[in-house]
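Peer 1: quick one: sequence plus predicted model below, questions after.
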Amino acid sequence: MRTALPRRLAIAALTIVLVVTATFAALHVMPGDPVRLLLGPAADPATVTAARHALGLDRPLPVQYLEWLARFASGRWGTSIAQQRPVAAVLGDALGPTLLLVGASLLLTYLGGVLVGAWQAARRASRADAAVTAATTVLYALPSYVVALALVAVFAYGAALWRWPAPLRLPAFGAAGLGADLLGPAARLADRVRHLVLPVATLALVGIAGTARYVRGAMVDALRQPFVRAARARGLSESRVLLRHVLRTALVPVVTLFGLQLPALFSGVVFVESIFAWPGMGRVTVQAVLARDYPVVMASTAVFAVLVVAGNLLADAVAALADPRRERPA
């Protein structure tokens, strides 16, 4: 791992550069002028030309890209065209809600996925296993925005229509209710959790379905290995064999799966935050794309790329440490 670290870091840096380069190219291919959107259709040509010059948008595209890359690398992320605020402040306000959403969904994804997958492996080839496999396959195939709309229809609009108890009527939009700042600490926390339930459930349900299928497959493969037969021959109970030998071996590829799930998770966050009006980076990015706010889109893409690459590196390191076959010093 240590010898491969410089190469991995170089590949990570190259990946981030390629992602932001592709984003820059896509932004300037898209129709729409940020200056026209900012000033409105009534602006005269001289004002538009002056604004484009002030924002540096009249320079050649390669020059704009290299200047942005140099500024971003030095920590100067520029100013939002649409909001006229520092890009770092715009993304700083949105990063916390996104990390809260992603962190909570990841925790539930792996807890639920490992439990469901282990339960299926212990009851492999049974009717219950077949039913859960069918359910997780359908759920995993559904796009996150379909799951989000279904949850809103049931637990927001449906719950009110059917007069469900108040705890089951979940808010569908925003991160806090009206007047939440006037509530006490406990009530404010409860309000935030209620607003968090549906977005987290959307991401976690899809993640649990995929993780459970992966855990089940890894555990079924591990059950066929010779060390399992040896453990049973030593008189160990079936539960101990499953927990201490099979599940631990199966968790190594599951940790690697963490790195593979991050890109899908962050892309799902963009849709989920837009649907639930969650004030995170996904929603900010969508709004910036619609406004052709180039500095915000470029910076948010770079931050997403850094988070995904860092997650992959962390997953590789944890998988290497968790592997029971890894040699340890005497």
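Peer 2: That came in fine, so what should we check first?

Peer 1: residue 77: how many residues sit nearby?
Peer 2: Number of residues near residue 77 (other CB atoms under 10 Å) recorded here: 22. C-beta: built from backbone N, CA, C; applies to glycine.

Peer 1: hang on, it packs against residue 92?
Peer 2: No - judged on CB atoms under 8 Å, residue 77 makes no contact with residue 92 at a distance of 10.0 Å.

Peer 1: mind listing the shared neighbours of these two?
Peer 2: Residues touching both residue 77 and residue 92 (CB atoms under 8 Å, 6 or more residues apart in numbering): none.

Peer 1: burial of residue 228, as a residue count?
Peer 2: Residue 228 has 17 neighbouring residues, counting by other CB under 10 Å.

Peer 1: isn't residue 268 right up against residue 203?
Peer 2: Yes - counting by CB under 8 Å, residue 203 is a contact partner of residue 268 at 5.7 Å.

Peer 1: who touches both of those two?
Peer 2: Counting by CB under 8 Å, 6+ apart, the contacts common to residue 268 and residue 203 are residue 144.

Peer 1: where along the stretch 1-150 of the chain do the helices fall?
Peer 2: For the stretch 1-150 of the chain, the helices defined by DSSP state H, counting those that start in this stretch occupy 5-29, 34-39, 45-55, 61-73, 87-122, 127-141, 144-152.

Peer 1: now the longest one: average pLDDT?
Peer 2: When the per-residue pLDDT values of helix 87-122 are averaged, the result is 90.

Peer 1: elements contacting it?
Peer 2: Under the contact criterion of 3 or more CB pairs under 8 Å, 6 or more residues apart in numbering; DSSP states H and E, helix 87-122 touches helix 127-141, helix 185-223, helix 247-276, helix 281-290, helix 294-322.

Peer 1: out of those helices, which is the most enclosed?
Peer 2: Each of the helices and strands packed on helix 87-122 was scored by mean neighbour count; the highest is helix 281-290, a mean of 22, by mean count of other CB atoms under 10 Å.

Peer 1: model confidence over that one, on average?
Peer 2: On average, helix 281-290 scores 90.

Peer 1: using PDB, write down the CA coordinates of that helix.
Peer 2: The C-alpha coordinates for helix 281-290 follow below in PDB (Å, rounded to 0.1, in the frame of the first residue of the first chain):
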ATOM      1  CA  MET A 281     -24.400  21.200  -2.900                       C
ATOM      2  CA  GLY A 282     -26.500  19.200  -5.300                       C
ATOM      3  CA  ARG A 283     -29.300  21.700  -5.300                       C
ATOM      4  CA  VAL A 284     -26.800  24.600  -5.500                       C
ATOM      5  CA  THR A 285     -25.100  23.000  -8.500                       C
ATOM      6  CA  VAL A 286     -28.400  22.500 -10.300                       C
ATOM      7  CA  GLN A 287     -29.300  26.200  -9.700                       C
ATOM      8  CA  ALA A 288     -25.900  27.300 -10.800                       C
ATOM      9  CA  VAL A 289     -26.200  25.200 -14.000                       C
ATOM     10  CA  LEU A 290     -29.600  26.800 -14.800                       C
END
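
Peer 1: residues making contact with the least confident helix or strand in the chain by mean pLDDT?
Peer 2: Ranking every helix and strand in the chain by mean pLDDT, DSSP states H and E puts helix 238-240 at the bottom, with a mean of 76. Helix 238-240 has contacts (CB under 8 Å, 6+ apart) with 231, 232.

Peer 1: one more: stretch 198-208?
Peer 2: Outside of stretch 198-208, the residues within contact range by CB under 8 Å, 6+ apart are 101-102, 104-106, 108-110, 112-113, 116, 136, 139-140, 142, 144, 147-148, 151-152, 155-156, 170-172, 261, 265, 268-269, 272-273, 276, 278.

Peer 1: same question, stretch 166-185
Peer 2: With CB under 8 Å, 6+ apart as the test, stretch 166-185 has contacts from 97, 152, 155-157, 159-160, 188, 191-192, 194-198, 276-279.

Peer 1: distance from that stretch to the middle of the chain?
Peer 2: How far stretch 166-185 lies from its chain's middle: 24 Å, per CA atoms, centre = their mean, to the nearest Å.

Peer 1: now do stretch 51-60
Peer 2: The answer for stretch 51-60 is 34 Å, by CA atoms, centre = their mean.

Peer 1: would you mark the buried spots in that stretch?
Peer 2: By neighbour count with 16 or more other CB atoms under 10 Å, stretch 51-60 contains the buried residues 51, 52, 55, 57.

Peer 1: again, but for stretch 68-78
Peer 2: Result for stretch 68-78 [16+ other CB under 10 Å]: buried residues 68, 69, 72, 77, 78.

Peer 1: just confirm the first one contacts residue 298, I think it does.
Peer 2: Think residue 68. Yes - with contacts counted by CB under 8 Å, residue 68 reaches residue 298, the gap being 6.2 Å.

Peer 1: overlap in contacts of these two?
Peer 2: The contact sets of residue 68 and residue 298 overlap at residue 24 (CB under 8 Å, 6+ apart).

Peer 1: so who does residue 97 touch?
Peer 2: 175, 278, 279, 280.

Peer 1: ok, now residue 302?
Peer 2: With contact set as CB under 8 Å, 6+ apart, residue 302 has these partners: 16, 19, 20, 72.
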